[in-house]
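Undergrad: Could you look at this predicted model? Sequence included:
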Amino acid sequence: MDFGGGMGAPVGHNADVGTGLLSWYMDIPPVSRMYLTGAFLTTVACAVDIITPFSLYFNWTLVLEGQVWRLISSYLYFGLFSVDFLFHMYFLVRYSRLLEEGDFRGRMANYIYFLMFGIFNMTLVASYINVHFLGSALTFMMVYVWGRRNEDIKMSFLGVLSFHAPYLPWVMLTFSVLIGNAITMDLIGIAVGHLYYFLEYVYPKVAAIRGFRIKKVMEPPALLHYICGSYHEDVQIQQEADEAAEHLHQD
C-alpha cells in the first residue's frame with residue numbers, strides 16, 4: 001500500500017502549523033516568553049498530577065516554614081485548561097509583549113525590575129488579605145501601565161463600546177463585576193500599576209521641576225544590569241559624576 005501519497009498533505013500541513021507555532025513562540029520577547037512558558041508548564045504539571053495547586057498557592061506561614069517557591073508559583077498558576085485559562089494567557093502574552101517591545105524595548109533589566117516591583121508589592125498586599133493566586137493581578141498591572149502609556153489608542157469592547165486605552169482595565173473590571181467574578185485581584189493590579197506609573201513616569205518630572213536631589217527611584221540595580229548585559233560602566237560613571245556635581249551645586 002502506498003502511504004506516501006495518502007499521508008503527504010496532512011503531514012506537510014501539520015509541519016507547517018508546528019513551524020508557524022514555533023515561529024510565533026520564538027518571536028515573543030525573552031522575558032514574556034519565559035513567563036508564558038512557566039505558566040503553561042505549571043498548568044500542564046497540574047493537569048497530569050505531577051504537582052497540585054495546593055503546593056503552589058501563596059501562604060506566608062508556609063513561606064516562612066521554607067516553602068519559598070510559593071512566592072513565585074502563586075504568579076504562575078492560572079487554573080486548569082479552560083476558556084478562563086486561555087483568556088488569561090491571551091492577556092498575559094499580549095500586554096506583556098506590548099510593554100516589552102514598546103516602553104521597555106532594549107531595556108530588559110528595567111522590565112524585569114518592573115515585574116519584580118509588582119511581585120513584591122502584590123505579595124505584600126496578599127499578606128494581609130485572603131488571596132492565594134496572584135498571576136491575574138500582575139497581568140492587570142501590565143494592562144494598566146500599557147494603557148496609561150498609550151493614551152491615544154482607541155479600543156473596542158465586543159464591537160459595541162469604544163474607549164481609549166487608559167480605560168481598558170476599568171472596562172475589564174466592570175465586565176468582571178457584571179459576570180459575578182471577584183474583583184480583588186483586578187483592584188490590586190490596578191493599584192500597584194498606578195504606583196509604578198507614578199514612580200517611573202510622574203515622579204521624575206516632579207523631581208526635576210522642584211529640584212529634588214533624587215530624580216529617579218525606579219532604576220534597576222547595577223547587578224541586574226550586569227545579569228542582563230546592559231550595564232555600561234562609562235555611562236554609570238558619568239551619571240555618578242553628574243549627580244555629584246549637582247549635589248555640590250545645591251550645597
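TA: Here it is on my side, so go on.

Undergrad: Any buried residues in the strand or helix carrying Arg97, and which?
TA: In this structure, Arg97 sits in helix 83-101 according to DSSP states H and E. Burial within helix 83-101, assessed by neighbour count using 16 or more other CB atoms under 10 Å, is assigned to 85, 88-89, 91-93, 95-100. C-beta coordinates here come from the backbone N, C-alpha and C atoms, glycine included.

Undergrad: could you dump those to a markdown table with distance to Lys154?
TA: As requested, the buried residues of helix 83-101 are exported to a markdown table (distance: CB to CB, whole Å):
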| residue | distance to Lys154 |
| --- | --- |
| Phe85 | 29 |
| His88 | 24 |
| Met89 | 25 |
| Phe91 | 18 |
| Leu92 | 23 |
| Val93 | 22 |
| Tyr95 | 17 |
| Ser96 | 22 |
| Arg97 | 20 |
| Leu98 | 15 |
| Leu99 | 19 |
| Glu100 | 23 |
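
Undergrad: Backbone dihedrals for Ile183, both of them.
TA: Note on Ile183: its backbone torsions stand at phi -110, psi 10 [degrees, to the nearest 10].

Undergrad: One more: Ser156?
TA: According to degrees, to the nearest 10, Ser156 has phi -140, psi 140.

Undergrad: Val93 and Pro29 touch, don't they?
TA: No - when contacts are counted by CB atoms under 8 Å, Val93 is not listed as touching Pro29 (10.2 Å).

Undergrad: Show the end-to-end separation of stretch 177-188, please.
TA: 15 Å (CA to CA, to the nearest Å).

Undergrad: any idea how far Ser136 is from His88?
TA: Look at Ser136 and His88: by CB to CB, to the nearest Å, they are 6 Å apart.

Undergrad: Now do the shared contacts for the two.
TA: Between them, Ser136 and His88 share these contacting residues under CB atoms under 8 Å, 6 or more residues apart in numbering: Phe78.

Undergrad: rewinding a little: just put the buried residues of helix 83-101 in CSV and tack on distance to Ser55 and pLDDT.
TA: Shown next, in CSV, are those (distance: CB to CB, whole Å; pLDDT from 0 to 100):
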residue, distance to Ser55, pLDDT
Phe85, 18, 84
His88, 20, 85
Met89, 21, 88
Phe91, 25, 86
Leu92, 22, 90
Val93, 25, 91
Tyr95, 28, 93
Ser96, 25, 94
Arg97, 29, 94
Leu98, 32, 95
Leu99, 30, 95
Glu100, 29, 94
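
Undergrad: out of the residues you listed, who's nearest Ala222?
TA: Nearest to Ala222 among those is Glu100, at 21.3 Å by CB to CB.

Undergrad: contacting residues for that closest one?
TA: 29, 31-32, 111.

Undergrad: For Val143, grab the count of nearby residues.
TA: Using other CB atoms under 10 Å, Val143 has 24 neighbouring residues.

Undergrad: do Val145 as well
TA: So Val145, with other CB under 10 Å, has 25 neighbours.

Undergrad: Quick one: residues contacting it.
TA: By CB under 8 Å, 6+ apart, the neighbours of Val145 are 99, 103, 114, 193, 196-197.

Undergrad: got it, and Phe81?
TA: Contacts of Phe81 (CB under 8 Å, 6+ apart): 43, 47.
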